[in-house]
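**Q** What follows is a predicted structure for the sequence shown.
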Amino acid sequence: MIEELVERIEKRFAELEAALGDPETIGDRAAFEAASRAYAELEEPARLAAQWRRAIDDEQGALELLEEAEDPEMRQMAADARQRAEALVEDLRLAMVEKDPNDERDVIIEIRPGAGGDEATLWGADLHRMLARYAEQRGFQTEELSSGEGSATFAVKGRGAYSVFKFEGGTHRVQRVPETESQGRIHTSTATVAVLPEVEDVDVAIEQSDLQIDVYRSSGPGGQSVNTTDSAVRITHKPTGVVVSMQDEKSQLQNREKAMRVLRARLHERAMAEQRAKLDADRSAQVGTGERAEKIRTYNFPERRVKDHRVGLLLHDLDGVLNGGLDEFTAALQDDEKRQRLEAQASGE
């Protein structure tokens, strides 16, 4: 089984290397980009396959020498080589697990205050800063789409953005003493995060006749008018009832374009959620209701720690996490996802 997998990796990697050096491929931009992406994705499996092959060769060489004469050192070399080969088997299988088809996409992130009143609003703003800083540290670009009173919608752009940020979707719970708390009591508040892969027009078919587009005058906090023209846009997708509003831009055209981007992302996620309904992975399950009992991660200020409840990872570095230090959580969750996918593939074989 593993021998067949290694041979398949070696063959495909050799084909991609040849294609990238072929003038015909080089002259076809789309073909060259596709081959380059495939090559980059297979580099790690190919490296592991080469290590496995060397370990097997080392073991075989040591066993052949043992047939000629008993040598404790050589026997240990054979055992060590076998151990290395066996350890590489799971790494190889994990490296070849089928990926989420949305992993390479940009994302749209929506943050909403949950339970906790004003403190939940402040917490939503803190999460916005944390995720924006994490995007910057990972080399992604961010684009603010809308914001106000703890809520925010923004895009994260860059190859593989969804593969990183999809694990932030859910209810984030904070335990801390609010600034307005005179008796020093700890309050628990939440904010929900939805992470949607951004899609193109070709990915989601939207009929213009299905849209109700309303324009109105944008307003600031407390209803204060901030624009003298009807630049704010509200788009309702009549078949599903999904509503998106945008008012941050002064141009009606810009607000409409942003609203359509968010609408396409929500409709795409809705369609994917319907396909995953049996696995309870629809969008409402992702963000939950925002109740205090629901959480994917808890941020405890008195003890300066953060715990991810999905993988049980606990970090005693609250400040670092809030400044965008999410790499350890992402790595653990990516490994967990790969193992779950590997188990699903194995059970379906």
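**A** Yep, it's here.
**Q** So what's the predicted local confidence for R339?
**A** Note on R339: pLDDT of 84.
**Q** and if you look at R53?
**A** 90.
**Q** Can you tell me, leaving aside adjacent residues, what's nearest to G139?
**A** G158 (6.4 Å; CB to CB, 6 or more residues apart in numbering). The way it works is simple: take the backbone N, C-alpha and C, and place the C-beta from them, glycine included.
**Q** List the contacts of F154.
**A** Neighbour list for F154: I108, I109, H128, A132, T142, E143, E144, L145, S147 [criterion: CB atoms under 8 Å, 6 or more residues apart in numbering].
**Q** and the host helix or strand of the fifth one, which strands flank it?
**A** Okay, so that is T142. Secondary structure assignment for T142, by DSSP states H and E: strand 141-148. For strand 141-148, the pairing partners within the sheet under DSSP bridges are strand 151-157 (antiparallel).
**Q** got the CA positions of the partner strand in CSV?
**A** What follows is strand 151-157 as a C-alpha-only set of coordinates in CSV (Å, rounded to 0.1, in the frame of the first residue of the first chain):
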residue,chain,number,x,y,z
SER,A,151,-19.4,44.4,14.1
ALA,A,152,-17.0,44.2,11.2
THR,A,153,-16.8,42.7,7.8
PHE,A,154,-13.5,42.6,6.0
ALA,A,155,-11.6,40.6,3.3
VAL,A,156,-8.3,38.8,3.7
LYS,A,157,-6.5,38.4,0.4
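**Q** which of the residues in it are buried?
**A** Within strand 151-157, the residues that count as buried by 16 or more other CB atoms under 10 Å are S151, A152, T153, F154, A155, V156.
**Q** Check which helices and strands the following helix or strand past that strand sits against.
**A** Under the assignment DSSP H and E, the closest C-terminal helix or strand after strand 151-157 is helix 161-165. Contacts defined by 3 or more CB pairs under 8 Å, 6 or more residues apart in numbering; DSSP states H and E place helix 161-165 against strand 107-113, helix 118-137, strand 187-197.
**Q** I'd like to check what contacts helix 161-165. Which residues are they?
**A** By CB under 8 Å, 6+ apart, helix 161-165 touches 99-100, 102-107, 109, 131, 135, 138, 140, 156, 195, 197, 330, 334.
**Q** And stretch 39-53, by the same measure?
**A** For stretch 39-53, contacts defined as CB under 8 Å, 6+ apart pick out 2, 5-6, 9-10, 12-13, 16-17, 20, 84-85, 88-89, 91-92, 95-96, 99.
**Q** from those residues, which would you call buried?
**A** Neighbour-count burial (16+ other CB under 10 Å) is assigned, among the contacts of stretch 39-53, to L5, V6, I9, F13, L16, R84, A85, L88, L92, A95, M96.
**Q** Help me confirm that the third one comes into contact with M96.
**A** Yes - contact criterion CB atoms under 8 Å: I9 and M96 qualify, at 7.3 Å.
**Q** out of the contacts of F154, which are buried?
**A** Buried members of the contacts of F154, scored by 16+ other CB under 10 Å, are I108, I109, H128, A132, T142, L145.
**Q** about what we covered before: any chance of JSON lines for the contacts of F154, columns pLDDT and distance to R173?
**A** Below are those laid out as JSON lines (pLDDT from 0 to 100; distance: CB to CB, whole Å):
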{"residue": "I108", "pLDDT": "92", "distance to R173": "23"}
{"residue": "I109", "pLDDT": "94", "distance to R173": "18"}
{"residue": "H128", "pLDDT": "95", "distance to R173": "16"}
{"residue": "A132", "pLDDT": "96", "distance to R173": "20"}
{"residue": "T142", "pLDDT": "94", "distance to R173": "24"}
{"residue": "E143", "pLDDT": "92", "distance to R173": "28"}
{"residue": "E144", "pLDDT": "91", "distance to R173": "25"}
{"residue": "L145", "pLDDT": "89", "distance to R173": "25"}
{"residue": "S147", "pLDDT": "84", "distance to R173": "22"}
